[in-house]
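# Could you work out the structure for the sequence below:
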Amino acid sequence: MLNLAIIGCGNIANFHVPAMKLAGFNVSSVSGRNGSYDYLKNFCNSHSLNEVKIFDSSEELLDTNNWDALLISCPTDSIIKYLKV
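Alright, predicted model coming up:
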């Protein structure tokens, strides 16, 4: 099973997570806006993602080695900075 990291856990991510789980991915880590820990924790709980690492910053998530695939689920104007990292 491949580990999936998610950057951005807004409304569209609520549709992506079930689809990615059905495709065989294990969501291993998530990140969002700075200061969004409580929101991310609720997001994980609502999708029964019990063993997920929540990162304070997306850059910190990108620097780890605990994911095989990345889902960037944030506003389009923010995506380019993650593609350049």
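# Please name the nearest non-neighbouring residue to Asn26.
Leaving out its chain neighbours, the residue that sits closest to Asn26 by C-beta to C-beta, 6 or more residues apart in numbering is Met1, at 4.8 Å. All C-beta atoms are positioned from the backbone trio N, CA, C, and that covers glycine.
# ranges for the strands of this structure?
Counting by DSSP state E, residue ranges of the strands within the chain are 2-7, 25-31, 53-55, 69-72.
# Compile these into TSV and extend it with columns for distance to Leu61, mean neighbour count and mean pLDDT.
Below are those laid out as TSV (distance: least, C-beta to C-beta, whole Å; neighbours: other C-beta atoms under 10 Å; pLDDT from 0 to 100):
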stretch	distance to Leu61	mean neighbour count	mean pLDDT
strand 2-7	6	21	96
strand 25-31	4	22	96
strand 53-55	4	18	96
strand 69-72	9	16	93
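# Dump those strands into TSV; add distance to Asp38 as well.
Output for the strands of the chain, formatted as TSV (distance: least, C-beta to C-beta, whole Å):
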stretch	distance to Asp38
strand 2-7	17
strand 25-31	13
strand 53-55	10
strand 69-72	21
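# quick revisit: what separation do you get for the residue nearest to Asn26 and Glu51?
Counting by C-beta to C-beta, to the nearest Å, the separation of Met1 from Glu51 is 12 Å.
# do the same with Leu2
Following C-beta to C-beta, the distance that separates Leu2 from Glu51 is 15 Å.
# Next up, the contacts around the residue nearest the centre of the chain.
Centrality entry for the chain: nearest residue to the mean C-alpha point is Ile6, 1.7 Å, by C-alpha atoms, centre = their mean. Each residue near Ile6 by C-beta atoms under 8 Å, 6 or more residues apart in numbering is listed here: 13, 16-17, 27, 29-31, 70-71, 73.
# Closest to Thr64 out of those?
Taking C-beta to C-beta as the measure, Thr64 lies nearest Ser29 of the contacts of Ile6, at 6.9 Å.
# what is that closest one paired to in the beta sheet?
Ala5, Lys53 (DSSP bridges).
# Where do the helices of the chain begin and end?
Applying DSSP state H to the chain gives helices spanning 13-22, 37-46, 58-62, 76-83.
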